[in-house]
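1. Could you work out the structure for the sequence below:
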Amino acid sequence: MALVVPVLRLAVCILAFPMYLLNFLGLWSWICKKCFPYFLVRFTVMYNEQMASRKRELFSNLQEFADPSGKLSLLEVGCGTGANFKFYPPGCRVTCVDPNPNFEKFLIKSVAENRHLQFERFVVAAGEDMRQVADGSVDVVVCTLVLCSVKDQEQILREVRRVLRPGGAFYFMEHVAAERSTWNSFWQQVLDPVWYLLFDGCNLTRESWKALERASFSKLKLQHIQAPLSWELVRPHIYGYAVK
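-> Predicted structure coming up:
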């Protein structure tokens, strides 16, 4: 079985040769940055329908981390199209960070559809370097379907801890590597290199829970689930929150 994976990987990569050629020429990243938001708009509708109950459960206690006046300052890292906005409590002050500026017009549409929120600003930056966000300035950081594609999980989690106030919380929902020795794990390993290019840096085989366990949060509440999604490759999920 160990030999089958690289052989099948090679076969898939040969079939995806035009994509690899564009990547070699430096064009594929530009295409992805332009086109990926349009894909994500459609994917978000499906994902939110199938994961609505889990998201409502995840974000049900957000208000517990509000400041003494009852106001909640929230930073969403890798905000994409604003898929989580409808799950946030009324009056929540939201700042968004994403490295892709092409998400902004979709984000503005989501803001207009979620008038219960107080949108503050959109920062074009990678989660690993959020220098435009001050130390200890937010009550909550949210990150969903992002740790799969960041370049450095440890660095982004250090940044999360930096911008959180003491006692603040980090909420996450991520697809992760399947349990080893399963068919899902096998196909994740086979398709991972092509998936990475096709979906703008997304990795199928990351064990993101390990980075969270190493991140020195004072409290970590994490659950592994099989998400009720149509795409079996991304059904293995973790979700929960960590307190600084």
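2. hey, let's count contacts and neighbours off CA atoms from now on
-> Noted.
3. now Tyr20: how far from Glu120?
-> Plainly put, Tyr20 is 39 Å away from Glu120 if you go by Cα to Cα, to the nearest Å.
4. Strands along this protein, start to end?
-> 73-77, 93-98, 118-124, 138-144, 164-175, 219-226, 236-243 (DSSP state E).
5. Which of Tyr20 and Glu120 has more residues huddled nearby?
-> Tyr20 (18 against 14; other Cα atoms under 10 Å).
6. How much space separates the more buried one from Leu233?
-> For Tyr20 relative to Leu233 (Cα to Cα), the value is 22 Å.
7. again, but for Asn114
-> Distance from Asn114 to Leu233, by Cα to Cα: 31 Å.
8. just the strands of the chain: most buried one?
-> Comparing these by mean neighbour count (mean count of other Cα atoms under 10 Å), strand 73-77 ranks first with a mean of 25.
9. Which residues does it contact?
-> By Cα atoms under 8 Å, 6 or more residues apart in numbering, the residues outside strand 73-77 that reach it are 66, 92-98, 127, 138-143, 146.
10. from those residues, which single one is nearest Pro6?
-> Val146 (26.5 Å; Cα to Cα).
11. Tell me the predicted confidence for that closest one.
-> Note on Val146: pLDDT of 96.
12. That one: what's it in contact with?
-> Taking Cα under 8 Å, 6+ apart, one finds Val77, Gly78, Glu174 in contact with Val146.
13. Identify the residues contacting the second one.
-> Gly78 sits next to Cys96, Val97, Asp98, Pro99, Ala126, Gly127, Cys143, Thr144, Val146 when contact means Cα under 8 Å, 6+ apart.
14. Excluding chain neighbours, what is closest to Leu144?
-> No Leu there; residue 144 is Thr. Sequence neighbours aside, Met173 is the residue nearest to Thr144 in space, at 4.7 Å (criterion: Cα to Cα, 6 or more residues apart in numbering).
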